[in-house]
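> Quick one, fold the following:
(one chain, ligands or ions: 1)
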Amino acid sequence: MTTETPLLAVHGLTRRFGGVTAVDDVSFTVAPGTVRAIIGPNGAGKTTLLDLMTGFTAPDAGRVEFAGRDITGIRPHRLPALGLARTFQSARLVGTLTVRENVMLGGYRFTRARFLSDGLRLPGTRREERALGRRADELLEFLELGAFADSLAGELPAGAQRLVEVARGLAGGPTLLLLDEPAAGLDDTETGELAAALRAVCAGGISLVVIEHNIELVMTVSDHVTVLDAGRVIADDVPQRVQADPAVIEAYLGVKP
Ligand SMILES: Nc1ncnc2c1ncn2[C@@H]1O[C@H](COP(=O)(O)OP(=O)(O)OP(=O)(O)O)[C@@H](O)[C@H]1O
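Numbering: from 1, shown residues only. This next block holds a predicted model:
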C-alpha cells in the first residue's frame with residue numbers, strides 16, 4: 001500500500017429492502033489517520049451503510065476495500081484480525097463488569113482454539129489475559145479514564161461510558177474504527193470531551209468513520225463529511241463547505257435556504 005492508497009474504499013454500494021433502496025450507489029474513501037463522518041436525516045441509510053461495510057448485510061451491488069483488500073461480504077468476526085473494529089449503538093458496556101474488564105472484552109479473539117484453551121485455563125491464556133489487562137490500562141490512561149479502571153462500568157456518567165466504548169473499540173489494535181452514534185445522549189460538555197478524545201485517537205494514526213446526528217461533534221472532529229439522503233450521497237466535502245451546502249440544509253430542515 002502506498003501513502004496515497006486509501007485505507008478504506010467504498011465503491012458504488014447499493015442495498016435494497018423490497019421497494020426501498022436504503023443505500024443507493026454510495027462511494028467514498030478514508031485516508032489513513034483521518035476522520036470521515038457519515039450524516040443524514042432519519043432513515044437516510046447510515047446504519048445500513050455501516051452494516052454493508054462490516055459484513056452484517058450483503059450488498060446488491062458495489063464493493064468494499066480495506067487496506068487494499070476486497071472485504072465485500074466478509075464475515076464480521078474476521079474483521080478485527082484485519083484491523084477493522086466497530087462499535088454498536090445496541091451494544092453498550094456491560095454495567096456489572098469493571099471498566100477495565102469491559103475494555104479487555106474488545107481485545108479478545110473468539111476462535112475455536114481460544115475457546116478450548118480458555119476453558120482449560122492454559123498458561124498461555126493467562127499470559128494473554130495479563131497482556132490484555134495492560135493494554136486496557138494503557139488505553140484508559142490515554143483517554144484520561146485511569147481513575148475509573150476498577151469502577152463498575154454501569155456506575156459511570158454517560159460521557160465517560162461512551163469514552164470507555166471507544167477504548168473497547170481500540171483494544172484489538174485496529175487501524176480503522178467505525179463508531180455508531182458515539183455522542184448519542186451526551187450533553188455539550190461531554191460531547192466536547194468526546195471530540196477531543198477522538199482527535200487524539202486520530203492523531204495516533206488511527207482512522208475513524210463516525211456515524212453521527214450531533215452536528216457539533218461532526219464539525220469538530222471530521223476531515224471529510226458524507227451526507228446521505230434517501231440512500232444517496234448529496235454532499236461529500238470538508239465540514240465547513242458541507243454545513244453551508246443548500247442541498248444539505250434542505251435535507252435537514254425540509255426548506256430551501
Ligand atoms: N432490514 C430492513 N428491512 C426493511 N427495510 C429496512 C431494513 N433496514 C433498513 N430499512 C429501511 O432502509 C432505510 C434506511 O434505514 P437505515 O436504518 O439504514 O437509516 P438510518 O440513516 O440509519 O436511520 P436512523 O438515523 O433513524 O438510524 C429506511 O427506509 C429503513 O426503513
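> Mind giving me the packing neighbours of the one helix or strand L13 maps to?
Element membership of L13, judged by DSSP states H and E, is strand 8-17. Packing contacts for strand 8-17, counted by 3 or more C-beta pairs under 8 Å, 6 or more residues apart in numbering; DSSP states H and E, involve strand 20-30, helix 46-53, strand 61-66. For every residue, glycine as well, the C-beta is placed using N, CA and C.
> And the average pLDDT for the first one is what?
It refers to strand 20-30. For strand 20-30, mean pLDDT is 97.
> Give me the contact status of it with the ligand.
Yes: Strand 20-30 lies within reach of the ligand by C-beta under 6 Å from any ligand atom, at V20, A22.
> could the helices and strands packed on strand 8-17 go into a markdown table alongside mean neighbour count?
A markdown table is the format used below for the helices and strands packed on strand 8-17 (neighbours: other C-beta atoms under 10 Å):
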| stretch | mean neighbour count |
| --- | --- |
| strand 20-30 | 19 |
| helix 46-53 | 23 |
| strand 61-66 | 18 |
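> quick one: which of these is nearest L7?
Each of the helices and strands packed on strand 8-17 was scored for nearness to L7 using C-beta to C-beta, and the closest is strand 20-30 (5.4 Å).
> residues making contact with that closest one?
With C-beta atoms under 8 Å, 6 or more residues apart in numbering as the contact definition, strand 20-30 has outside contacts at 6-16, 36, 45, 48-49, 52, 59, 61-62, 176, 207, 209, 224, 226, 228, 230-233, 236.
> Neighbouring strands of it in the sheet, and parallel or not?
strand 8-17 (antiparallel) (DSSP bridges).
> List the contacts of the partner strand.
By C-beta under 8 Å, 6+ apart, the residues outside strand 8-17 that reach it are 21-30, 45, 48-49, 52-53, 57-66, 176, 207, 209.
> What angle do helix 46-53 and it make with each other?
Orientation note: strand 8-17 sits at an angle of 120 degrees relative to helix 46-53 (axes from the mean of the first three to the mean of the last three C-alpha atoms, to 10 degrees).
> Spell out the residue ranges of the helices in this protein.
Listed in chain order, the helices found in the chain under DSSP state H are 46-53, 79-82, 99-105, 112-120, 123-142, 158-170, 188-203, 215-221, 239-243, 246-253.
> any chance of these in TSV, plus mean pLDDT?
Below are the helices of the chain laid out as TSV (pLDDT from 0 to 100):
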stretch	mean pLDDT
helix 46-53	95
helix 79-82	90
helix 99-105	93
helix 112-120	56
helix 123-142	85
helix 158-170	92
helix 188-203	93
helix 215-221	90
helix 239-243	92
helix 246-253	82
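> Identify whichever of those lies nearest to the ligand.
Nearest to the ligand among those is helix 46-53; the distance by C-beta to the nearest ligand atom comes to 3.3 Å.
> at contact distance from the ligand, anything in the closest one?
Yes: using C-beta under 6 Å from any ligand atom, helix 46-53 reaches the ligand at K46, T47, T48.
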